[in-house]
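>>> Have a look at this prediction, sequence included:
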Amino acid sequence: MQGIQINFWAIGIAAVAHFVLGAIWYMPLFGKLWAQEMGYDTENMESNKGEMIKGMAFMLIGNIMMSWVLAHNIAAWSFVPGISSIPTVGNIMMSAVFTWLGFFVSVNLGNTVWERKSWRLFFINSGYQLISLILISSIITLMPV
């Protein structure tokens, strides 16, 4: 069995694309609704500029980590017998949806109930996570080593 090979360019591109998706998702698409559900004062967002920059920096670090781990996961699955007979789109969707169900939806369900968050917030965040995993999986799968 040969070793796992990872395309670090794909990881970097996926992390940046994930960051851009987050900016679009949480600003023009669902920004006001998300802020309302989180209890943020949207009128005084300018005063929290430093906090937002810090959050974005940590988000980018997290995006790199997620892309790196998902790249390893996708590469590891390439050793499963018969996996090459599945269409590329099927592999992308399997890696994204199974990761989403197992690691995001399951955690978000508990957080929603135990932290008394709204179901609207659950769907905003879970939807973003699914779309971002599909995006990352697509980039990593379509940019092989």
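Received the coordinates, thanks.
>>> Quick check: which ranges of the chain have low pLDDT?
Low-confidence segments of the chain (pLDDT under 70): 1-2, 45-47.
>>> which stretches of it form helices?
8-24, 31-38, 49-77, 88-99, 106-114, 119-142 (DSSP state H).
>>> winner for burial among the ones you listed?
Sort those by mean neighbour count, taking mean count of other CB atoms under 10 Å, and helix 119-142 sits at the top with a mean of 19. Quick note: C-beta positions are derived from backbone N, CA and C, even for glycine.
>>> quick one, it and helix 49-77 angle?
50 degrees (axes from the mean of the first three to the mean of the last three CA atoms, to 10 degrees).
>>> between helix 119-142 and helix 31-38, how big is the angle?
Using the same axes, to 10 degrees: helix 119-142 against helix 31-38 is 130 degrees.
>>> In terms of secondary structure, what does helix 119-142 contact?
helix 8-24, helix 31-38, helix 49-77, helix 88-99, helix 106-114 (3 or more CB pairs under 8 Å, 6 or more residues apart in numbering; DSSP states H and E).
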